[in-house]
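A.B. asks: Coordinates only, no sequence provided:
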Ligand code: SF4
Ligand code: ZN
């Protein structure tokens, strides 16, 4: 990067975008990234006056950068409230470290942080759950989403913002196609709610047009507290293979990832319109949370391990 100069001002570049054939300095790169996030918010009308935005934070670079940017853009707006919500699944040697980073960041930004735990809400940590049924990511994903929706609603949030980046989004487009899961495919996009239910907090993904690498660079350049450790349960699987495949293709044919997202965004409104009667939402007969089934997935999993 030493001899690459910023295309706008000639200062030393911090990034060189292959698909664009240009380098950018810290200032111009940061301005572009912020502009892109603002554009995603504006284009999809993600945030409205009087919104209370609850940012789902894990301590990783994506959600920490999201909290930082939401606070930068909306922190001074008197009509908008921001809070952060973290879920402690109880993964020893990993989650408490990442939650420490969240605590430091929310303190630095002056944003209220609420931490909820599997132990307190379900009576067991993820480490204890997997001793009964070794499907860590299934339990983790379902129970975390369940708590994020329930707790953000109890906090009075009108929006639940998550840190999904462009790479996450493209991987999900591929995975849902490979699995033939049309309902999940329709739930992608910056504004993924397609079924309205009063108990569902409207989810938004302001970072979904920003590549993962650029978020990591922005976090580094702006000293955003983030934990870079790896969850001990992380394993290979389909997402891992799709991720490697996409990175390989992007390396060979720069700009492919952008093309995939752009193409998907053009198709999504028509797809949603065609399948609009797909999923019916009701309330779980055990816990009352919204679900498309008689008993929600969280209750079903908990029944599994508690007998
Ligand atoms: Fe949860 Fe770890 Fe699986 Fe991620 S890798 S879903 S944090 S158990
Ligand atoms: Zn339930």
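C.D. replies: Happy to help now that I have it. Source: prediction; values computed, not measured. Ligands and ions are numbered 1, 2, ... in the order given.

A.B. asks: other SSEs contacting the least confident helix or strand in the chain by mean pLDDT?
C.D. replies: Scoring the helices and strands of the chain by mean pLDDT, DSSP states H and E places helix 182-186 at the bottom, with a mean of 88. Contact partners of helix 182-186 among helices and strands, from 3 or more C-beta pairs under 8 Å, 6 or more residues apart in numbering; DSSP states H and E: helix 166-179, helix 256-274. The C-beta positions use only the backbone N, C-alpha and C, and glycine is treated the same way.

A.B. asks: deepest of the ones you listed, which one?
C.D. replies: Of all the helices and strands packed on helix 182-186, helix 166-179 carries the top mean neighbour count, a mean of 19, counting by mean count of other C-beta atoms under 10 Å.

A.B. asks: Give me the contact list for that one.
C.D. replies: 62, 182, 184-185, 188, 205, 207-212, 238-239, 242-243, 246, 257, 260-261, 264 (C-beta atoms under 8 Å, 6 or more residues apart in numbering).

A.B. asks: Determine if any part of it is in contact with ligand 1.
C.D. replies: No - Helix 166-179 lies out of reach of ligand 1 by C-beta under 6 Å from any ligand atom, never closer than 12.0 Å.

A.B. asks: next one: that helix to chain centre, how far?
C.D. replies: 14 Å (C-alpha atoms, centre = their mean, to the nearest Å).

A.B. asks: going forward, begin numbering at 185 instead of 1
C.D. replies: Got it, first residue is 185 now, which makes that one helix 350-363.

A.B. asks: Which neighbours in the sheet does the lengthiest strand in the chain have, and how are they oriented?
C.D. replies: Taking DSSP state E as the criterion, the chain has its longest strand at strand 265-272. The sheet places strand 265-272 alongside strand 236-241 (parallel), strand 296-301 (parallel), with pairing taken from DSSP bridges.

A.B. asks: For that strand, buried residues please.
C.D. replies: Buried residues in strand 265-272, counted by 16 or more other C-beta atoms under 10 Å: 265, 266, 267, 268, 269, 270, 271, 272.

A.B. asks: Output the residues you listed in CSV, with distance to residue 258 and pLDDT appended to each entry.
C.D. replies: Output for the buried residues of strand 265-272, formatted as CSV (distance: C-beta to C-beta, whole Å; pLDDT from 0 to 100):
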residue, distance to residue 258, pLDDT
265, 9, 97
266, 6, 98
267, 12, 98
268, 13, 98
269, 16, 98
270, 19, 98
271, 23, 97
272, 26, 97
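
A.B. asks: So which of these is the closest to ligand 2?
C.D. replies: Relative to ligand 2, the closest of the buried residues of strand 265-272 is residue 271; by C-beta to the ion it sits at 16.8 Å.

A.B. asks: got the residues of the protein near ligand 1?
C.D. replies: 320, 321, 324, 325, 415, 417, 418.

A.B. asks: where along the protein do the strands fall?
C.D. replies: Ranges of strands in the chain, per DSSP E, are 199-201, 206-208, 236-241, 265-272, 296-301, 343-345, 386-388, 466-467, 474-475.

A.B. asks: Export those strands to TSV and append columns for distance to residue 219.
C.D. replies: Below are the strands of the chain laid out as TSV (distance: least, C-beta to C-beta, whole Å):
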stretch	distance to residue 219
strand 199-201	15
strand 206-208	12
strand 236-241	19
strand 265-272	20
strand 296-301	28
strand 343-345	18
strand 386-388	18
strand 466-467	41
strand 474-475	35
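
A.B. asks: quick one, which of the ones you listed is nearest to ligand 2?
C.D. replies: Closest to ligand 2 of the strands of the chain is strand 474-475 (C-beta to the ion; 6.3 Å).
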